[in-house]
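# Quick one: sequence and predicted model below, then my questions.
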Amino acid sequence: DAGITQSPRHKVTETGTPVTLRCHQTENHRYMYWYRQDPGHGLRLIHYSYGVKDTDKGEVSDGYSVSRSKTEDFLLTLESATSSQTSVYFCAISETDYYGYTFGSGTRLTVV
Amino acid sequence: SQQGEEDPQALSIQEGENATMNCSYKTSINNLQWYRQNSGRGLVHLILIRSNEREKHSGRLRVTLDTSKKSSSLLITASRAADTASYFCATPPDNDMRFGAGTRLTVKP
């Protein structure tokens, strides 16, 4: 979607390696979110940010960390990837914490 | 845990028919939102209904909200093959948005 990009789009990595996914926005929105989507679970929130250097945990944050040093970038890091973290990861942005979200196109991560 | 739960999990209809999907939620909300996801893509925001609204329209979409039953419905009228997608309801408790597992809609030409 225009205004939000995720990179990479696809990644295969080995168990135990660190992985960083990037979300970049050009909308100057305050709020940014990382979700994972798995069959049967819908979307589950990993971490979110409500401003530069302001982040908080979601419902499935174990094994993940985030950083937001600039308004436009929100990084998701898997410190030591595990097979259970194989998933599709979506970034989303919003102007407020209760209005409609704009989603990126997703990153398909496979941990082998 | 998921805040919104969609029903049915899957729905298959013919082009031109109407499609109705339901969503139930657990806690009080200030609004409820519906999203569409085409295969392999991110979610797209369709419509938002506030807690003090009972019905809202957008093109071929009609959303209702019953806060006493903690439920919402999404009606797509005169469906098209291009409406084939998964549909999610979402509610914003506190600072994040909780999504259900979605309804997979298939519209056959």
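Perfect, I can see it now.
# Give me the below-cutoff pLDDT ranges for chain A.
Within chain A, the ranges that satisfy pLDDT under 70 run A:1-2, A:97-98.
# residue contacts, the residue nearest to the spatial centre of it?
By Cα atoms, centre = their mean, the mean C-alpha position of chain A lies nearest to residue A:34, the distance being 3.0 Å. Taking Cβ atoms under 8 Å, 6 or more residues apart in numbering or on different chains as the criterion, residue A:34 is in contact with A:21, A:23, A:45-48, A:58, A:64, A:66, A:74, A:76, A:89-91. C-beta: built from backbone N, CA, C; applies to glycine.
# same thing with residue A:110?
The contact partners of residue A:110, by Cβ under 8 Å, 6+ apart, come to A:11, A:12, A:13, A:86.
# Next: residue B:14.
By Cβ under 8 Å, 6+ apart, the neighbours of residue B:14 are B:107, B:108.
# State the distance from residue A:57 to residue B:64.
Going from residue A:57 to residue B:64 by Cβ to Cβ, to the nearest Å gives 34 Å.
# Flag every residue of chain A that's near chain B.
A:1, A:31, A:33, A:35, A:40-45, A:48, A:50, A:56, A:58-59, A:90, A:92, A:97-106 (Cβ under 8 Å from any Cβ of the partner chain).
# which residues does the residue nearest to the centre of chain A form a beta bridge with?
Here residue A:34 shows beta-bridge partners residue A:47, residue A:91, assigned using DSSP bridges.
# distance of it from residue B:96?
Note on residue A:34: its distance to residue B:96, by Cβ to Cβ, is 11 Å.
# Overlap in contacts, those two.
By Cβ under 8 Å, 6+ apart, the residues touching both residue A:34 and residue B:96 are A:45, A:48, A:58.
# The last one contacts residue A:49, correct?
Spelled out, that is residue A:58. No: in this structure, residue A:58 is not within contact of residue A:49 by Cβ atoms under 8 Å, at 10.9 Å.
# More neighbours: which of these two?
Between residue A:58 and residue A:49, residue A:49 has the larger neighbour count (other Cβ atoms under 10 Å in any protein chain shown), namely 23 against 19.
# nearest residue to residue B:69 other than its sequence neighbours?
Leaving aside its sequence neighbours, residue B:69 sits nearest to residue B:24 (Cβ to Cβ, 6 or more residues apart in numbering or on different chains; 7.9 Å).
# quick one: contacts of the one helix or strand that neighbour maps to?
Using DSSP states H and E, residue B:24 sits in strand B:19-25. For strand B:19-25, contacts defined as Cβ under 8 Å, 6+ apart pick out B:3-8, B:11, B:13, B:32, B:34, B:69-76, B:79, B:83, B:87, B:89, B:91, B:100, B:103, B:105, B:107.
# how close does the closest residue to residue A:7 other than its chain neighbours get to residue A:67?
In space, and not counting its chain neighbours, residue A:7 is closest to residue A:22: 4.9 Å by Cβ to Cβ, 6+ apart. As defined by Cβ to Cβ, residue A:22 lies at a distance of 10 Å from residue A:67.
# again, but for residue B:63
37 Å.
# List the residues that contact residue A:58.
The contact partners of residue A:58, by Cβ under 8 Å, 6+ apart, come to A:33, A:34, A:35, A:44, A:45, A:46, A:47, A:48, B:96.
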